[in-house]
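Colleague: Got a sequence here, can you model it:
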Amino acid sequence: QVRLAESGGGLVQRGGSLRLSCAASEFTLNYYVVAWFRQAPGKDREEVSCLSFSDGKLYYADSVLGRFTISREKNTVYLQMNNLEPEDTAVYYCAAVLPAWPKCPFPGYDYWGQGTQVTVSS
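Modeller: Numbers count the residues shown, from 1 in each chain. A predicted model of the protein is given here:
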C-alpha cells in the first residue's frame, strides 16, 4: 500500500523556521512528482511547492517564494520553511503522482498524506 507520512509541524513564532518531512513507504519516489499543499480554516487548498524527481523541475507559489525550499533525500521530501508568518498557519499535506510526463505543478495527485499542523504565532 502506498503511503506518505508527514512530520515536523508545530508551533513557532513569527520569523521562525520549521522543516517538514514527507516520507514515502511501500514505493520509491523515482519519477514521481511530489508536492506540498496547505489548507487554512475557511480557505481553499493551496499548492505551495512541488518537485519533479525525473527532471528536477521545481515550483513555488508566490506566497512562499524566497522563504520555502523543497528538497529530497532518498525517499523523503522536505519543505524547509523560513521567516514564517502567521499567514502560513495551516495544515500541510504532501501528495504524489507518477505522471505520464514530468510536470510541476501537476493537475492531479493520486497519493496524499494525513497532514501536519503548522501554527505561526504573532
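
Colleague: Can you name the residues that contact residue 54?
Modeller: If you count contacts by CB atoms under 8 Å, 6 or more residues apart in numbering, residue 54 has them with 30, 31, 102. The C-beta positions use only the backbone N, C-alpha and C, and glycine is treated the same way.

Colleague: ok, those vs residue 38, which is closest?
Modeller: Top of the list for closeness to residue 38, among these and by CB to CB, is residue 102 at 23.0 Å.

Colleague: wait, doesn't that closest one sit right on residue 59?
Modeller: No - if you go by CB atoms under 8 Å, residue 102 and residue 59 don't touch, sitting 11.7 Å apart.

Colleague: who's more crowded, these two?
Modeller: Just comparing residue 102 and residue 59: by other CB atoms under 10 Å the higher neighbour count belongs to residue 59, 18 against 15.

Colleague: got the phi/psi numbers for the residue nearest the centre of the chain?
Modeller: Centroid-nearest residue in the chain: residue 36, 2.0 Å away (criterion: CA atoms, centre = their mean). Note on residue 36: its backbone torsions stand at phi -110, psi 130 [degrees, to the nearest 10].
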